[in-house]
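S.K.: pasting the structure only:
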(Lines give C-alpha, C1' and ligand atoms only; values in the text may rest on other atoms or scores of the structure.)
Protein backbone atom coordinates (compact mmCIF):
# COMPACT_ATOMS: atom_id res chain seq x y z
CA UNK A 1 0.00 0.00 0.00
CA UNK A 2 2.85 2.39 0.84
CA UNK A 3 4.42 1.67 -2.56
CA UNK A 4 1.11 2.55 -4.22
CA UNK A 5 1.06 5.87 -2.32
CA UNK A 6 4.64 6.64 -3.38
CA UNK A 7 3.94 5.81 -7.02
CA UNK A 8 0.81 7.99 -7.03
CA UNK A 9 2.72 10.89 -5.44
CA UNK A 10 5.61 10.58 -7.92
CA UNK A 11 3.27 10.47 -10.92
CA UNK A 12 1.16 13.39 -9.64
CA UNK A 13 4.13 15.63 -8.82
CA UNK A 14 6.53 14.77 -11.67
CA UNK A 15 4.04 13.91 -14.42
CA UNK A 16 5.57 13.55 -17.86
CA UNK A 17 9.09 14.23 -16.56
CA UNK A 18 9.14 10.53 -15.66
CA UNK A 19 10.31 8.69 -18.79
CA UNK A 20 10.01 5.30 -17.11
CA UNK A 21 8.69 4.04 -13.78
CA UNK A 22 9.50 0.47 -12.76
CA UNK A 23 8.32 -1.44 -9.70
CA UNK A 24 10.40 -4.46 -8.82
CA UNK A 25 11.13 -6.28 -5.55
CA UNK A 26 9.25 -3.74 -3.48
CA UNK A 27 11.18 -0.76 -4.90
CA UNK A 28 10.40 1.99 -7.37
CA UNK A 29 12.89 3.21 -9.96
CA UNK A 30 12.16 6.31 -12.01
CA UNK A 31 14.15 7.34 -15.06
CA UNK A 32 14.19 10.99 -16.16
CA UNK A 33 15.78 12.87 -19.03
CA UNK A 34 19.11 14.62 -18.60
CA UNK A 35 17.49 18.02 -19.25
CA UNK A 36 15.06 17.47 -16.34
CA UNK A 37 17.46 15.74 -13.93
CA UNK A 38 18.41 18.69 -11.70
CA UNK A 39 14.85 20.06 -11.54
CA UNK A 40 13.47 16.60 -10.69
CA UNK A 41 16.10 16.12 -7.97
CA UNK A 42 15.16 19.47 -6.42
CA UNK A 43 11.46 18.62 -6.59
CA UNK A 44 12.05 15.21 -5.00
CA UNK A 45 13.78 16.92 -2.09
CA UNK A 46 11.50 19.94 -1.63
CA UNK A 47 7.96 18.87 -2.54
CA UNK A 48 5.77 18.30 0.55
CA UNK A 49 4.31 15.07 -0.92
CA UNK A 50 7.76 13.51 -1.50
CA UNK A 51 10.39 14.94 0.91
CA UNK A 52 13.46 12.94 -0.13
CA UNK A 53 15.81 14.67 2.30
CA UNK A 54 18.75 12.29 1.92
CA UNK A 55 20.83 10.98 -0.94
CA UNK A 56 22.08 7.61 0.31
CA UNK A 57 24.14 6.61 -2.73
CA UNK A 58 24.96 7.72 -6.26
CA UNK A 59 26.82 5.56 -8.76
CA UNK A 60 27.71 5.35 -12.42
CA UNK A 61 26.68 2.49 -14.70
CA UNK A 62 27.94 1.33 -18.09
CA UNK A 63 25.11 -0.28 -20.07
CA UNK A 64 27.23 -1.10 -23.14
CA UNK A 65 26.55 -4.83 -22.77
CA UNK A 66 23.66 -4.90 -20.33
CA UNK A 67 22.86 -8.48 -19.27
CA UNK A 68 25.48 -9.64 -21.82
CA UNK A 69 23.25 -8.54 -24.68
CA UNK A 70 23.49 -5.62 -27.12
CA UNK A 71 22.08 -2.45 -25.55
CA UNK A 72 19.98 -0.07 -27.62
CA UNK A 73 20.19 3.32 -25.94
CA UNK A 74 22.58 5.66 -24.19
CA UNK A 75 25.55 3.89 -22.62
CA UNK A 76 26.21 5.77 -19.37
CA UNK A 77 23.73 6.13 -16.53
CA UNK A 78 23.77 7.70 -13.08
CA UNK A 79 21.63 6.01 -10.43
CA UNK A 80 20.83 7.73 -7.14
CA UNK A 81 19.22 6.12 -4.11
CA UNK A 82 17.09 8.56 -2.14
CA UNK A 83 15.51 8.30 1.31
CA UNK A 84 12.66 10.23 2.85
CA UNK A 85 13.08 10.01 6.61
CA UNK A 86 9.83 11.87 7.30
CA UNK A 87 7.74 9.74 4.87
CA UNK A 88 9.71 6.51 5.46
CA UNK A 89 10.13 5.59 1.79
CA UNK A 90 12.86 5.23 -0.82
CA UNK A 91 13.20 5.74 -4.55
CA UNK A 92 15.90 5.11 -7.13
CA UNK A 93 16.43 7.97 -9.59
CA UNK A 94 18.15 7.19 -12.89
CA UNK A 95 19.37 9.49 -15.65
CA UNK A 96 21.23 8.58 -18.85
CA UNK A 97 23.91 10.85 -20.31
CA UNK A 98 22.68 11.71 -23.83
CA UNK A 99 26.15 11.63 -25.45
CA UNK A 100 28.23 8.44 -25.16
CA UNK A 101 31.40 10.15 -26.42
CA UNK A 102 31.20 12.88 -23.76
CA UNK A 103 28.84 11.71 -21.00
CA UNK A 104 27.58 14.74 -19.06
CA UNK A 105 24.74 15.13 -16.57
CA UNK A 106 24.02 17.89 -14.07
CA UNK A 107 25.60 17.75 -10.63
CA UNK A 108 23.19 17.38 -7.71
CA UNK A 109 25.69 18.54 -5.07
CA UNK A 110 23.66 21.73 -4.56
CA UNK A 111 20.59 19.57 -3.84
CA UNK A 112 22.31 16.96 -1.64
CA UNK A 113 25.84 17.75 -0.48
CA UNK A 114 26.48 14.02 0.05
CA UNK A 115 26.62 13.65 -3.76
CA UNK A 116 30.06 15.31 -3.83
CA UNK A 117 32.36 12.31 -3.46
CA UNK A 118 29.91 9.93 -5.14
CA UNK A 119 29.99 12.10 -8.28
CA UNK A 120 33.77 12.24 -8.12
CA UNK A 121 33.84 8.44 -7.95
CA UNK A 122 31.50 8.12 -10.97
CA UNK A 123 33.72 10.57 -12.86
CA UNK A 124 36.89 8.69 -11.92
CA UNK A 125 35.64 5.18 -12.63
CA UNK A 126 33.27 5.80 -15.58
CA UNK A 127 34.31 9.18 -17.01
CA UNK A 128 30.88 10.73 -16.44
CA UNK A 129 31.15 14.51 -16.14
CA UNK A 130 28.92 16.36 -13.67
CA UNK A 131 28.12 19.86 -14.88
CA UNK A 132 28.27 22.31 -11.98
CA UNK A 133 30.40 20.16 -9.66
CA UNK A 134 32.89 22.49 -7.96
CA UNK A 135 35.74 19.98 -7.50
CA UNK A 136 35.41 17.23 -10.11
CA UNK A 137 38.69 15.32 -9.94
CA UNK A 138 39.78 11.74 -9.49
CA UNK A 139 39.17 10.23 -6.06
CA UNK A 140 40.29 6.56 -6.25
CA UNK A 141 42.84 6.22 -9.04
CA UNK A 142 46.34 7.65 -9.07
CA UNK A 143 47.25 11.07 -10.44
CA UNK A 144 48.14 10.60 -14.09
CA UNK A 145 46.02 7.45 -14.40
CA UNK A 146 44.75 7.07 -17.95
CA UNK A 147 41.23 5.81 -18.56
CA UNK A 148 38.24 4.89 -16.46
CA UNK A 149 38.57 1.38 -14.98
CA UNK A 150 34.87 0.49 -14.53
CA UNK A 151 34.02 0.99 -18.19
CA UNK A 152 33.31 -2.37 -19.76
CA UNK A 153 35.84 -1.77 -22.53
CA UNK A 154 38.70 -1.02 -20.10
CA UNK A 155 41.43 -3.70 -20.27
CA UNK A 156 41.24 -6.10 -17.33
CA UNK A 157 44.94 -5.77 -16.53
CA UNK A 158 45.22 -2.02 -17.14
CA UNK A 159 48.13 -0.34 -18.90
CA UNK A 160 50.80 0.69 -16.40
CA UNK A 161 51.67 0.02 -12.79
CA UNK A 162 53.42 2.17 -10.25
CA UNK A 163 56.07 0.91 -7.82
CA UNK A 164 58.95 2.21 -5.74
CA UNK A 165 62.36 1.46 -7.26
CA UNK A 166 65.01 1.11 -4.51
CA UNK A 167 67.93 1.63 -6.94
CA UNK A 168 66.53 4.87 -8.39
CA UNK A 169 65.08 5.85 -4.99
CA UNK A 170 61.85 7.05 -6.55
CA UNK A 171 58.46 5.93 -7.76
CA UNK A 172 58.49 4.63 -11.33
CA UNK A 173 55.83 3.67 -13.84
CA UNK A 174 56.21 0.55 -15.95
CA UNK A 175 54.04 -1.69 -18.14
CA UNK A 176 51.79 -4.02 -16.18
CA UNK A 177 53.61 -7.21 -15.14
CA UNK A 178 50.68 -9.17 -13.73
CA UNK A 179 50.44 -12.66 -15.20
CA UNK A 180 46.92 -13.85 -16.00
CA UNK A 181 45.84 -16.47 -13.46
CA UNK A 182 43.13 -19.03 -12.96
CA UNK A 183 40.40 -17.48 -10.82
CA UNK A 184 38.02 -20.45 -10.74
CA UNK A 185 38.15 -22.05 -7.26
CA UNK A 186 39.93 -25.42 -7.07
CA UNK A 187 36.79 -27.15 -5.83
CA UNK A 188 35.13 -26.30 -9.13
CA UNK A 189 38.18 -27.00 -11.35
CA UNK A 190 39.14 -30.35 -9.87
CA UNK A 191 36.63 -33.16 -9.51
CA UNK A 192 38.45 -35.03 -6.72
CA UNK A 193 39.69 -32.04 -4.74
CA UNK A 194 39.84 -32.88 -1.02
CA UNK A 195 38.85 -36.49 -1.59
CA UNK A 196 35.24 -35.60 -2.47
CA UNK A 197 33.51 -37.89 -4.97
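M.R.: Okay, I see it. What you see is a predicted model; the values in this text were computed from it and never measured.

S.K.: contacts, neighbours, all on C-alpha from now
M.R.: Noted.

S.K.: can you give me phi and psi for residue 61?
M.R.: The phi and psi values for residue 61, taken as degrees, to the nearest 10, are phi -140, psi 140.

S.K.: Give the residue spans of the chain that score low on pLDDT.
M.R.: Applying pLDDT under 70 to the chain flags residues 157-158, 178-197.

S.K.: those strands in it, which residues are they?
M.R.: Counting by DSSP state E, the chain has these strands, from start to end: 18-24, 27-32, 54-62, 76-84, 89-96, 104-106, 129-131, 160-165, 170-175.

S.K.: out of those strands, which comes closest to residue 122?
M.R.: Nearest to residue 122 among the strands of the chain is strand 54-62; the distance by CA to CA comes to 4.9 Å.

S.K.: quick one: contacts of the closest one?
M.R.: 45, 75-85, 112, 114-115, 118-119, 121-123, 125-126, 128, 150-152 (CA atoms under 8 Å, 6 or more residues apart in numbering).

S.K.: again with stretch 35-45
M.R.: So stretch 35-45 is contacted by 14, 17, 32, 50-54, 95, 105-108, 111 (CA under 8 Å, 6+ apart).

S.K.: Going by distance to residue 136, which of these wins?
M.R.: Distance to residue 136 across the contacts of stretch 35-45 (CA to CA) is lowest for residue 107, with 9.8 Å.

S.K.: For the closest one, the count of nearby residues, please.
M.R.: Per other CA atoms under 10 Å, the neighbour tally for residue 107 reads 21.

S.K.: residue contacts, it?
M.R.: Contacts for residue 107 (CA under 8 Å, 6+ apart) come out as 38, 119, 130, 131, 132, 133.

S.K.: let's see it at 10 Å
M.R.: 37-38, 41, 115-116, 119, 129-134, 136 (CA atoms under 10 Å, 6 or more residues apart in numbering).

S.K.: if we can go back for a sec, output the strands of the chain in CSV, with distance to residue 4 and mean neighbour count appended to each entry.
M.R.: Below are the strands of the chain laid out as CSV (distance: least, CA to CA, whole Å; neighbours: other CA atoms under 10 Å):
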stretch, distance to residue 4, mean neighbour count
strand 18-24, 10, 13
strand 27-32, 10, 19
strand 54-62, 21, 19
strand 76-84, 16, 21
strand 89-96, 11, 22
strand 104-106, 29, 21
strand 129-131, 32, 18
strand 160-165, 51, 12
strand 170-175, 55, 10
